Every structure is written in structure tokens, then in C-alpha cells.
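Participant: how would this look folded up:
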Amino acid sequence: MTIFHGASGLRARIAAPLCLACCAWLGAAAPVAAGDSKYEPVVKRVRPAALAKIKTYAWSERHAAFDPRVDAWIVAAIDRELDSRGLTKLTSGSPDVVVAYASLTRTDVNLKSKPSGDVGVLPEYPVGTLVVELTQATTREALFRVQIDTPIERDRAALEGVVDAAVRAIFEKYPAPKQEARHSTKARRRSSRRASSSKDGGVSSRSKCGLPQPPRSCSPAPAS
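Facilitator: Numbering: from 1, shown residues only. Have a look, this model is predicted:
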């Protein structure tokens, strides 16, 4: 069973070249010999000039993953990457781009390992394929499409980390870097305020009337 999340066009693009085997992220598929495979992101399309202009995005029509948790992990990871690059997600209105993903798994055979057992079976392991695509909302032109194949964990507890790592690797190919500066600036400001408060011993150094503390009130003392 194949899991897809996104427009039918992306669904067709990933299904055609990867029709060797189809299943859910957590399932099994027919073996594929791939002992020398290198699992790195592959850029299918990127339009840096157009991507530099986009500010907002929305998800396309949902085709939820077979396992709802995997779907949620993928969507959350993509949202984090886009947010870190200054894009705002819209739930209504007209976005600049539409985001979609497609995924499936296959089973690869480790040709470099020694056969095991009496029948000489080579070790097999699941490999996930994830494609992320950003499409211009009005023209439907694909501005960013990157695919990654990566070995996946059968242990569900470890699978979320594999998904996060795959999405991070995909967005390393995105032409705009993460906007770490804005988060770092906020952190520095908070740190500076804490340091200033510590230096004053936790007591405010000025009252509302501009005098050292105490007094507690700015009202003049009553005449004796």
C-alpha cells in the first residue's frame, strides 16, 4: 500500500519511477538489490529566484498516510523547516505556494553482507522514499521538488527521528537558509534582561518617580 500526501500530480510523479514496490512506511515490500546505494537528497527541481519571493504557503488536499502518526510527523517536520525559513502557513486565503509530500517504502538487499542460513539469504532492510514539493499556487509550476531515500527503522519509537532527519536533509537543498538570527536575537535579549536583573540583585533600581528604591511611593510625605 502506498502512502501519499498531496496533489495527484505529485502522486503520479513518485509512483511512476518507484513502481518497483509500494507499501506503507511501516510495511514490507518486494526486495530490491541495492548494496551500493547512497541515500542522499536528490534535487528534482529548484527555482531559487521564485522561491526568494514567497512568503506564505498552505497544504494541498490531504491524502493522509497509512499510519496517522507518520503523516503527522512528516507534516510537522516540513512545517518546522518552512517556518525556520520565514514562511507563514495559511489555513485560509491565497498562499504563494502549495506544499505536498509523497512517500513509499521498498525493501533493499545488502549485497555486501554474507548470506545467512542454509539457503544463503542476504540481509534485507526497509528503505523509505520521501518527496517534498512546493508548487506556485496560481501557475501550478513546481518551484522545489527534492527526493530522499533513507533506511528506516522498524522500531516505531525510532521512526520519528528518521522522519525528522530525512526532512532536514531535504531542506538543506532549499536555497534560503534558516533564519536563525531572529531566534538568536530574541534569546540574546532575554539573556541580557536576566543579566541586568541579576546585577541589580533582583530589585528594581528606579521607582516610578525616578528615585532610587526605596521609597515605595512617589507621594510627598505629610507635613508634620
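Participant: SS state for residue 159?
Facilitator: Classification of residue 159 using DSSP: H, G, I helix; E, B strand; the rest coil returns helix.
Participant: what's the answer for residue 175, then?
Facilitator: coil.
Participant: Pull up the per-residue confidence for it.
Facilitator: Reported pLDDT at residue 175 in the predicted model: 93.
Participant: Disregarding flanking residues, what is the spatial nearest neighbour of it?
Facilitator: For residue 175, ignoring the flanking residues on the chain, the nearest one in space by CB to CB, 6 or more residues apart in numbering is residue 48 at 4.0 Å. Bear in mind the C-beta positions are built from the backbone N, C-alpha and C, glycine included.
Participant: Hmm, the one you found is touching residue 173, no?
Facilitator: No. Using CB atoms under 8 Å, residue 48 makes no contact with residue 173, being 10.7 Å away.
Participant: more neighbours, these two?
Facilitator: Neighbour tally, residue 48 and residue 173, criterion other CB atoms under 10 Å: the higher count belongs to residue 173, 17 against 11.
Participant: how about the helices in this protein?
Facilitator: Assigned by DSSP state H, the helices in the chain fall at 8-15, 48-51, 68-84, 156-171, 180-199.
Participant: Distance of residue 99 relative to residue 66?
Facilitator: Noted for residue 99: a distance of 20 Å to residue 66, by CB to CB, to the nearest Å.
Participant: okay, those two: which has more neighbours?
Facilitator: residue 99 (23 against 17).
Participant: Write down the beta-bridge partners of residue 145, one by one.
Facilitator: Beta bridges link residue 145 to residue 45, residue 133, judged by DSSP bridges.
Participant: any idea how far residue 90 is from it?
Facilitator: Distance from residue 145 to residue 90, by CB to CB: 21 Å.
Participant: Residue 155 too?
Facilitator: Here residue 155 is placed at a distance of 36 Å from residue 90 (CB to CB).
Participant: Between the two, tell me which one has more neighbours.
Facilitator: Each of residue 155 and residue 90 has its neighbours counted (other CB under 10 Å); residue 90 has more, 15 against 8.
Participant: ok, now which ones touch the more buried one?
Facilitator: Contact analysis of residue 90 by CB atoms under 8 Å, 6 or more residues apart in numbering lists 56-58.
Participant: between these, which is closest to residue 178?
Facilitator: Minimum distance to residue 178 across the contacts of residue 90 is 15.8 Å, recorded for residue 57 (CB to CB).
Participant: Report how many residues lie close to residue 143.
Facilitator: If we define neighbours as other CB under 10 Å, then residue 143 has 21 of them.
Participant: Hmm, residue 136 and it touching each other?
Facilitator: Yes. Contact criterion CB under 8 Å: residue 143 and residue 136 qualify, at 5.7 Å.
Participant: contacting residues for the residue lying closest to residue 152 once chain neighbours are set aside?
Facilitator: By the measure of CB to CB, 6+ apart, the closest residue to residue 152 outside its immediate chain neighbours is residue 128, 4.2 Å from it. By CB under 8 Å, 6+ apart, residue 128 lies in contact with 25, 103-105, 149-152, 162, 166.
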